[in-house]
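Undergrad: need a structure here:
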Amino acid sequence: MDFIDTHTHLDHDDFAADLDEVIDASRRAGVRRWINVGYNEERWESSVVLADRFDGMRYMLGLHPGNADDWNARVEKRLRQLAGELRPVAIGEIGLDLYWRQDNLERQNQAFIAQLDIAREAGLPAVIHMRDADGPLLKVIDSAVALPHLHFHSFDGAERLREWVLERGATIGVGGLITRKGSESLQEWVAGVPQDIVVLETDAPFLKPRGLRGTRNEPAFIPKIANVLAGLWQTDVATVAAVTTANAERIFGLGGAR
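TA: Take a look at the predicted model:
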(Lines give C-alpha, C1' and ligand atoms only; values in the text may rest on other atoms or scores of the structure.)
Protein backbone atom coordinates (compact mmCIF):
# COMPACT_ATOMS: atom_id res chain seq x y z
CA MET A 1 0.00 0.00 0.00
CA ASP A 2 1.13 3.53 -0.82
CA PHE A 3 0.06 6.40 1.42
CA ILE A 4 0.74 10.14 1.29
CA ASP A 5 0.77 12.30 4.41
CA THR A 6 -0.57 15.52 2.92
CA HIS A 7 -0.03 17.76 5.95
CA THR A 8 2.89 17.39 8.32
CA HIS A 9 5.43 19.47 10.23
CA LEU A 10 8.60 17.42 10.03
CA ASP A 11 10.79 20.49 10.56
CA HIS A 12 9.26 20.89 14.03
CA ASP A 13 11.64 20.79 16.99
CA ASP A 14 9.99 17.54 18.16
CA PHE A 15 11.72 15.76 15.26
CA ALA A 16 15.11 17.44 15.51
CA ALA A 17 16.83 14.53 17.23
CA ASP A 18 15.48 11.57 15.26
CA LEU A 19 14.01 12.67 11.94
CA ASP A 20 15.83 9.97 9.97
CA GLU A 21 14.28 7.30 12.20
CA VAL A 22 10.86 8.93 11.85
CA ILE A 23 11.15 8.86 8.06
CA ASP A 24 12.31 5.22 8.13
CA ALA A 25 9.34 4.24 10.32
CA SER A 26 7.03 6.12 7.97
CA ARG A 27 8.34 4.26 4.94
CA ARG A 28 7.98 0.91 6.69
CA ALA A 29 4.33 1.81 7.36
CA GLY A 30 3.80 2.50 3.64
CA VAL A 31 3.84 6.30 3.98
CA ARG A 32 6.54 7.22 1.48
CA ARG A 33 5.49 10.72 0.43
CA TRP A 34 4.85 13.78 2.56
CA ILE A 35 3.85 17.42 2.18
CA ASN A 36 5.56 19.59 4.76
CA VAL A 37 3.86 22.81 5.82
CA GLY A 38 5.90 25.98 5.47
CA TYR A 39 3.57 28.13 7.54
CA ASN A 40 5.80 31.19 8.09
CA GLU A 41 8.98 32.68 6.68
CA GLU A 42 11.29 30.60 8.85
CA ARG A 43 9.46 27.42 7.84
CA TRP A 44 9.63 28.32 4.15
CA GLU A 45 13.38 27.81 4.26
CA SER A 46 13.35 24.68 6.41
CA SER A 47 10.65 23.09 4.24
CA VAL A 48 12.77 23.55 1.13
CA VAL A 49 15.74 21.99 2.95
CA LEU A 50 13.62 18.97 3.89
CA ALA A 51 12.55 18.45 0.29
CA ASP A 52 16.17 18.50 -0.81
CA ARG A 53 17.06 15.98 1.89
CA PHE A 54 14.35 13.31 1.48
CA ASP A 55 13.01 11.65 -1.67
CA GLY A 56 9.24 11.94 -1.73
CA MET A 57 9.14 15.16 0.30
CA ARG A 58 7.25 18.16 -1.05
CA TYR A 59 6.01 21.34 0.61
CA MET A 60 3.40 24.07 0.73
CA LEU A 61 4.24 27.68 1.57
CA GLY A 62 2.06 30.29 3.24
CA LEU A 63 1.45 32.38 6.33
CA HIS A 64 -0.64 30.73 9.05
CA PRO A 65 -3.38 32.92 10.58
CA GLY A 66 -1.51 32.64 13.87
CA ASN A 67 1.25 34.66 12.19
CA ALA A 68 -1.10 37.18 10.55
CA ASP A 69 0.49 40.10 12.40
CA ASP A 70 3.65 39.42 10.36
CA TRP A 71 1.85 40.01 7.06
CA ASN A 72 3.10 43.04 5.16
CA ALA A 73 4.07 44.10 1.64
CA ARG A 74 7.52 42.55 1.88
CA VAL A 75 6.21 39.16 3.02
CA GLU A 76 3.55 39.23 0.31
CA LYS A 77 6.13 40.01 -2.36
CA ARG A 78 8.43 37.23 -1.14
CA LEU A 79 5.67 34.62 -1.04
CA ARG A 80 4.50 35.59 -4.50
CA GLN A 81 8.07 35.25 -5.76
CA LEU A 82 8.57 31.84 -4.14
CA ALA A 83 5.24 30.58 -5.48
CA GLY A 84 6.49 31.28 -8.97
CA GLU A 85 10.11 30.22 -8.60
CA LEU A 86 9.86 27.13 -6.38
CA ARG A 87 6.40 25.88 -7.38
CA PRO A 88 5.25 24.55 -4.02
CA VAL A 89 2.36 22.09 -4.22
CA ALA A 90 0.02 24.61 -2.55
CA ILE A 91 -0.24 27.92 -0.75
CA GLY A 92 -0.86 27.07 2.86
CA GLU A 93 -1.69 26.73 5.46
CA ILE A 94 -3.72 29.92 5.38
CA GLY A 95 -7.09 30.96 6.73
CA LEU A 96 -8.68 32.19 9.95
CA ASP A 97 -8.29 31.17 13.57
CA LEU A 98 -10.49 32.73 16.25
CA TYR A 99 -9.70 30.11 18.85
CA TRP A 100 -6.35 31.63 19.86
CA ARG A 101 -6.89 35.25 18.79
CA GLN A 102 -10.10 37.24 18.43
CA ASP A 103 -8.57 40.72 18.39
CA ASN A 104 -6.90 40.76 14.96
CA LEU A 105 -9.56 39.45 12.58
CA GLU A 106 -8.94 42.33 10.19
CA ARG A 107 -5.26 41.40 9.91
CA GLN A 108 -6.13 37.73 9.49
CA ASN A 109 -8.61 38.61 6.74
CA GLN A 110 -6.04 40.77 4.97
CA ALA A 111 -3.42 38.01 4.93
CA PHE A 112 -5.99 35.36 3.98
CA ILE A 113 -7.47 37.27 1.04
CA ALA A 114 -4.06 38.23 -0.34
CA GLN A 115 -2.84 34.63 -0.16
CA LEU A 116 -5.95 33.34 -1.89
CA ASP A 117 -5.06 35.71 -4.72
CA ILE A 118 -1.47 34.43 -4.80
CA ALA A 119 -2.68 30.84 -5.03
CA ARG A 120 -5.16 31.66 -7.78
CA GLU A 121 -2.61 33.61 -9.81
CA ALA A 122 -0.03 30.82 -9.44
CA GLY A 123 -2.52 28.11 -10.36
CA LEU A 124 -2.06 26.38 -7.00
CA PRO A 125 -4.56 25.04 -4.47
CA ALA A 126 -4.95 26.90 -1.18
CA VAL A 127 -4.80 24.80 1.99
CA ILE A 128 -7.19 26.25 4.55
CA HIS A 129 -6.77 26.36 8.32
CA MET A 130 -10.05 27.18 10.01
CA ARG A 131 -10.75 27.09 13.74
CA ASP A 132 -13.80 28.59 15.43
CA ALA A 133 -14.24 30.81 12.37
CA ASP A 134 -16.83 29.23 10.07
CA GLY A 135 -18.86 32.42 9.70
CA PRO A 136 -16.03 34.85 8.99
CA LEU A 137 -14.36 32.36 6.65
CA LEU A 138 -17.55 31.80 4.68
CA LYS A 139 -17.94 35.56 4.39
CA VAL A 140 -14.51 35.79 2.74
CA ILE A 141 -14.87 32.90 0.32
CA ASP A 142 -18.47 33.71 -0.59
CA SER A 143 -17.53 37.27 -1.48
CA ALA A 144 -14.52 36.37 -3.61
CA VAL A 145 -14.90 37.00 -7.34
CA ALA A 146 -12.62 34.04 -8.12
CA LEU A 147 -10.99 31.41 -5.95
CA PRO A 148 -8.26 28.83 -6.31
CA HIS A 149 -9.11 25.25 -5.47
CA LEU A 150 -9.73 25.16 -1.70
CA HIS A 151 -8.50 22.24 0.35
CA PHE A 152 -9.59 22.24 4.01
CA HIS A 153 -6.93 20.90 6.36
CA SER A 154 -8.16 18.70 9.23
CA PHE A 155 -11.72 19.54 8.27
CA ASP A 156 -14.18 19.99 11.11
CA GLY A 157 -16.62 22.54 9.73
CA ALA A 158 -20.24 22.90 10.78
CA GLU A 159 -23.24 22.28 8.53
CA ARG A 160 -23.04 25.38 6.30
CA LEU A 161 -19.33 24.89 5.60
CA ARG A 162 -19.93 21.21 4.91
CA GLU A 163 -22.55 22.21 2.36
CA TRP A 164 -20.13 24.71 0.81
CA VAL A 165 -17.44 22.05 0.40
CA LEU A 166 -19.79 19.75 -1.46
CA GLU A 167 -21.45 22.49 -3.52
CA ARG A 168 -18.20 24.12 -4.61
CA GLY A 169 -16.02 21.09 -5.27
CA ALA A 170 -13.58 21.69 -2.43
CA THR A 171 -11.56 18.87 -0.86
CA ILE A 172 -10.77 17.89 2.72
CA GLY A 173 -7.96 16.44 4.80
CA VAL A 174 -8.86 13.68 7.28
CA GLY A 175 -6.54 13.06 10.21
CA GLY A 176 -6.43 12.07 13.85
CA LEU A 177 -9.46 14.17 14.70
CA ILE A 178 -11.80 11.71 13.01
CA THR A 179 -10.61 8.90 15.30
CA ARG A 180 -11.55 10.67 18.51
CA LYS A 181 -14.54 10.58 20.81
CA GLY A 182 -16.80 13.53 20.18
CA SER A 183 -16.28 13.40 16.41
CA GLU A 184 -19.36 11.32 15.68
CA SER A 185 -21.04 14.05 13.60
CA LEU A 186 -17.90 14.48 11.50
CA GLN A 187 -17.57 10.72 11.09
CA GLU A 188 -21.16 10.42 9.91
CA TRP A 189 -20.66 13.17 7.36
CA VAL A 190 -17.34 11.83 6.04
CA ALA A 191 -18.91 8.39 5.68
CA GLY A 192 -21.24 9.81 3.04
CA VAL A 193 -19.10 12.30 1.12
CA PRO A 194 -17.76 11.52 -2.36
CA GLN A 195 -14.56 9.57 -1.81
CA ASP A 196 -12.68 11.62 -4.39
CA ILE A 197 -12.63 14.70 -2.13
CA VAL A 198 -10.71 13.06 0.76
CA VAL A 199 -6.98 12.80 1.49
CA LEU A 200 -5.14 11.61 4.58
CA GLU A 201 -2.97 13.73 6.86
CA THR A 202 -1.39 13.60 10.31
CA ASP A 203 -0.54 17.23 11.14
CA ALA A 204 2.40 15.62 12.96
CA PRO A 205 3.54 16.18 15.64
CA PHE A 206 0.01 17.43 16.49
CA LEU A 207 -3.48 15.84 16.43
CA LYS A 208 -2.45 12.33 17.37
CA PRO A 209 -4.99 9.57 16.60
CA ARG A 210 -6.97 8.16 19.48
CA GLY A 211 -5.45 5.35 21.51
CA LEU A 212 -1.76 6.12 20.97
CA ARG A 213 0.52 6.63 23.94
CA GLY A 214 3.15 9.33 24.10
CA THR A 215 2.89 12.93 23.04
CA ARG A 216 4.04 13.00 19.42
CA ASN A 217 2.16 12.24 16.25
CA GLU A 218 4.12 10.81 13.28
CA PRO A 219 3.49 10.06 9.58
CA ALA A 220 3.76 6.33 10.39
CA PHE A 221 0.33 6.62 12.04
CA ILE A 222 -1.44 7.32 8.73
CA PRO A 223 -2.57 3.65 8.43
CA LYS A 224 -4.38 4.00 11.76
CA ILE A 225 -6.38 6.91 10.33
CA ALA A 226 -6.94 4.93 7.12
CA ASN A 227 -8.32 2.03 9.16
CA VAL A 228 -10.95 4.27 10.76
CA LEU A 229 -11.85 5.73 7.36
CA ALA A 230 -12.14 2.21 5.92
CA GLY A 231 -14.72 1.42 8.58
CA LEU A 232 -16.70 4.57 7.76
CA TRP A 233 -16.61 3.78 4.03
CA GLN A 234 -17.29 0.08 4.62
CA THR A 235 -14.28 -0.95 2.59
CA ASP A 236 -10.71 -2.13 3.22
CA VAL A 237 -7.57 -0.17 4.01
CA ALA A 238 -6.01 -1.02 0.64
CA THR A 239 -8.89 0.72 -1.11
CA VAL A 240 -8.58 3.75 1.17
CA ALA A 241 -4.86 3.90 0.39
CA ALA A 242 -5.44 3.72 -3.36
CA VAL A 243 -8.25 6.28 -3.38
CA THR A 244 -6.66 8.85 -1.08
CA THR A 245 -3.27 8.57 -2.77
CA ALA A 246 -4.81 9.16 -6.19
CA ASN A 247 -6.74 12.11 -4.76
CA ALA A 248 -3.59 13.64 -3.26
CA GLU A 249 -1.70 13.25 -6.52
CA ARG A 250 -4.51 15.01 -8.38
CA ILE A 251 -5.14 17.83 -5.89
CA PHE A 252 -1.50 18.67 -5.31
CA GLY A 253 -0.10 17.76 -8.72
CA LEU A 254 2.32 15.24 -7.27
CA GLY A 255 2.48 12.85 -10.19
CA GLY A 256 4.92 10.49 -8.49
CA ALA A 257 7.69 10.20 -5.95
CA ARG A 258 10.24 12.95 -6.21
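Undergrad: which stretches of the stretch 101-250 of the chain form helices?
TA: 105-122, 134-143, 159-168, 184-192, 222-233, 237-252 (DSSP state H, counting those that start in this stretch).
Undergrad: where does the nearest residue to residue 115 once chain neighbours are set aside land in three-state SS?
TA: The shortest distance from residue 115 to any non-neighbouring residue, by CB to CB, 6 or more residues apart in numbering, is to residue 94 (4.4 Å). Where C-beta positions appear, they are placed from N, C-alpha and C, glycine not excepted. At residue 94, secondary structure determined by DSSP: H, G, I helix; E, B strand; the rest coil is strand.
Undergrad: tell me how many other residues crowd residue 94.
TA: Burial measure for residue 94: 31 neighbouring residues, criterion other CB atoms under 10 Å.
Undergrad: list the contacts of it.
TA: 62, 63, 64, 65, 111, 112, 115, 116, 126, 127, 128, 129 (CB atoms under 8 Å, 6 or more residues apart in numbering).
Undergrad: and those as CSV, adding pLDDT, neighbour count and distance to residue 173?
TA: Formatted as CSV, the contacts of residue 94 follow (pLDDT from 0 to 100; neighbours: other CB atoms under 10 Å; distance: CB to CB, whole Å):
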residue, pLDDT, neighbour count, distance to residue 173
62, 98, 31, 15
63, 98, 28, 19
64, 98, 20, 15
65, 97, 32, 16
111, 98, 27, 21
112, 98, 28, 18
115, 98, 27, 18
116, 98, 22, 18
126, 98, 28, 13
127, 98, 30, 8
128, 98, 28, 9
129, 97, 23, 10
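Undergrad: buried sites along stretch 208-227?
TA: Applying a neighbour-count criterion of 16 or more other CB atoms under 10 Å, one finds 208, 209, 217, 218, 219, 220, 221, 222, 223, 224, 225, 226 buried in stretch 208-227.
Undergrad: what average pLDDT does that stretch get?
TA: Here stretch 208-227 scores 92 as its mean pLDDT.
Undergrad: could I get the helices of the stretch 101-250 of the chain as CSV with distance to residue 23?
TA: CSV is the format used below for these (distance: least, CB to CB, whole Å):
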stretch, distance to residue 23
helix 105-122, 28
helix 134-143, 34
helix 159-168, 32
helix 184-192, 28
helix 222-233, 13
helix 237-252, 18
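Undergrad: to residue 36, which of those helices lies closest?
TA: Closest approach to residue 36 among the helices of the stretch 101-250 of the chain (CB to CB): helix 237-252, 12.1 Å.
Undergrad: where are the low-confidence patches of this protein?
TA: Residues of the chain that meet the criterion pLDDT under 70 lie in 256-258.
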